[in-house]
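*Asks:* sequence and predicted structure below; questions after.
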Amino acid sequence: MQRAVGEMNLSFDKLVNFRDMGGLKTEDGRSLKTGVLYRSDDLSRMTENDLKKLDECRIKVICDLRSPKEHKSKQSRLLPHGRFKVMNMPLHLEGTQASKRQIIDFFFGRAGAENFKKFSRAYYHYMAVESTLQIKKIIDLLAQEQNLPALIHCTAGKDRTGFISALIQLIAGVPYPIVVQEYLVTNDLYKSRLEKLSKAMSWLTLFQVKPARIKLILMANKECLDEVFSDIIQKYGSIDMYLIRACGIEQGTLRKLKELILD
């Protein structure tokens with residue numbers, strides 16, 4: 001039976017968006033294994049209790065999708081040296097991140113909402129088109145049994161992690177509508193934090209920034225995911241052909257990954 005979206009969430013002190021990617025049914029009736037692939041937000045805020053829970057997952061490899069600058073500046077002091085193999089595989093360069101001026105415009109500018117939507121679409125396009133070498137490295141890494149269980153994370157566990165997680169679920173054969181529901185679980189997990197932040201920012205900006213604008217900027221956006229995968233399918237015909245032709249991944253590697261992550 002198809003599990004409820006978000007059912008495999010694990011409770012941490014500081015990790016808001018940590019969850020098991022398994023339990024989903026594929027189009028051919030198989031299931032994504034639980035306890036094999038996890039996704040999360042930034043690990044640098046972990047508590048000792050969080051580390052114990054992470055240990056319980058028996059994770060061997062941590063795949064950090066943040067930029068090298070983020071990776072170096074926000075490292076968890078609790079991650080024991082050698083216990084996890086930490087791989088920094090950035091899905092973008094520092095130059096593709098929003099500048100401080102852009103962020104101010106997104107929040108306060110009259111056209112800020114539209115500008116943010118354009119930026120987000122370009123960001124997802126960059127991940128799919130310009131980060132193909134990194135995508136190959138990630139898939140090659142996960143297709144090796146000795147690297148599993150593995151954890152994939154970025155800063156919020158929203159866009160970069162959301163894109164890669166969706167890609168893996170589609171490789172496995174999970175129907176796209178279910179992939180989208182899983183992608184949007186992020187918004188459910190961040191709901192209480194977003195509401196508090198929205199109220200605080202409204203007061204701090206003397207109500208110049210509306211809650212709707214704040215949520216637009218901080219929440220996972222279905223439109224971005226729809227657009228990038230629509231473009232991929234239109235150009236390559238299938239996710240597998242995109243990974244083979246655009247990312248240079250061997251067909252045998254995709255078969256191996258499917259074998260490892262599917263029951």
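*Replies:* That came in fine, so what should we check first?
*Asks:* helix/strand/coil for Gln208?
*Replies:* coil (DSSP: H, G, I helix; E, B strand; the rest coil).
*Asks:* that one touches Phe108, doesn't it?
*Replies:* Yes: at 6.4 Å, Gln208 and Phe108 qualify as touching, with contact defined as Cβ atoms under 8 Å. For every residue, glycine as well, the C-beta is placed using N, CA and C.
*Asks:* just want the most central residue of the chain.
*Replies:* The residue lying closest to the centre of the chain (Cα atoms, centre = their mean) is Thr161, at 1.3 Å.
*Asks:* contacts only, for it.
*Replies:* Neighbour list for Thr161: 17, 39-41, 65, 152-154 [criterion: Cβ atoms under 8 Å, 6 or more residues apart in numbering].
*Asks:* from those residues, pick the one nearest Glu56.
*Replies:* Distance to Glu56 across the contacts of Thr161 (Cβ to Cβ) is lowest for Ser40, with 14.0 Å.
*Asks:* for the stretch 1-150 of the chain, which segments count as helices?
*Replies:* In the stretch 1-150 of the chain, the helices defined using DSSP state H, counting those that start in this stretch lie at 48-56, 68-73, 100-108, 112-130, 132-142.
*Asks:* what's the average pLDDT for the last one?
*Replies:* On average, the pLDDT along helix 132-142 is 97.
*Asks:* again with the shortest one
*Replies:* Here the mean pLDDT over helix 68-73 is 85, rounded to a whole number.
*Asks:* quick one: Ile171 and Lys256 touch, right?
*Replies:* No: using Cβ under 8 Å, Ile171 makes no contact with Lys256, being 11.1 Å away.
*Asks:* show me which of those two is the more surrounded one.
*Replies:* Neighbours were counted for Ile171 and for Lys256 using other Cβ atoms under 10 Å; Ile171 has more, 20 against 17.
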